[in-house]
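Trainee: Structure of the sequence below:
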Amino acid sequence: METSIKNRNDAYVSIIESLSKKEQLIFQLIKENAPCTSCEISEKYLIPINEITGRVTGLKKSFLIVEQGSKKNRWTNKNNTLYRAVKNIDERIDLINAHFVQLREQKDNLVNDYNTGLSILTKELIKKQLDKINKQINSLTKILDKIQLA
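Mentor: Numbering: from 1, shown residues only. Model prediction:
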């Protein structure tokens with residue numbers, strides 16, 4: 001039994017070692033400072049925020065870090081997401097399996113909708129897409145207004 005646990009842990013370490021140097025750095029900083037926000041890492045280690053947020057997104061999509069609540073940013077007074085490193089390979093596998101189940105359910109619902117009509121899920125997806133488009137339109141309107149005032 002100890003051999004299987006060691007092998008699993010070795011696999012987890014090898015996954016981390018396969019990350020780019022910048023991803024490894026951000027992962028280590030999150031691991032050491034957890035729970036922490038991207039802004040806190042940026043301030044503490046003087047790393048530009050744009051060099052952190054993209055890596056955080058990639059680490060999240062790789063299921064190496066997870067969200068753990070939120071915290072008010074002392075400068076903007078807005079909530080920032082707190083992150084922590086995944087504790088072990090078992091937690092990572094659980095996260096991947098949960099996401100897989102979620103994706104399968106969405107796919108099954110969409111296939112069912114395609115064959116029978118609109119469901120609540122489809123209506124929610126359409127509403128989310130409409131909200132995104134409306135935000136983009138509002139953003140473009142603000143940009144146009146600024147241009148016209150200049």
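Trainee: What count of nearby residues applies to residue 136?
Mentor: Neighbour count for residue 136, taken as other Cβ atoms under 10 Å: 10. Glycine gets a C-beta too; all of them are placed from N, C-alpha and C.
Trainee: Which elements pack onto the helix or strand encompassing it?
Mentor: Here residue 136, judged by DSSP states H and E, is contained in helix 120-149. Applying 3 or more Cβ pairs under 8 Å, 6 or more residues apart in numbering; DSSP states H and E, we find helix 120-149 packed against helix 89-116.
Trainee: which strands and helices sit next to the helix it packs on?
Mentor: Using 3+ Cβ pairs under 8 Å, 6+ apart, helix 89-116 is in contact with helix 2-17, helix 120-149.
Trainee: so residue 75 is in which element?
Mentor: Residue 75 belongs to no helix or strand, assigned by DSSP H and E.
Trainee: nearest residue to it other than its sequence neighbours?
Mentor: residue 39 (7.8 Å; Cβ to Cβ, 6 or more residues apart in numbering).
Trainee: What part of this protein, helix or strand, is modelled with the least confidence?
Mentor: Taking mean pLDDT, DSSP states H and E as the measure, the chain has helix 2-17 as its least confident helix or strand, at a mean of 69.
Trainee: on that earlier part again, ok, now which ones touch the residue nearest to residue 75?
Mentor: Neighbour list for residue 39: 49, 73, 75, 80 [criterion: Cβ atoms under 8 Å, 6 or more residues apart in numbering].
Trainee: Tell me the buried residues within those residues.
Mentor: residue 80 (16 or more other Cβ atoms under 10 Å).
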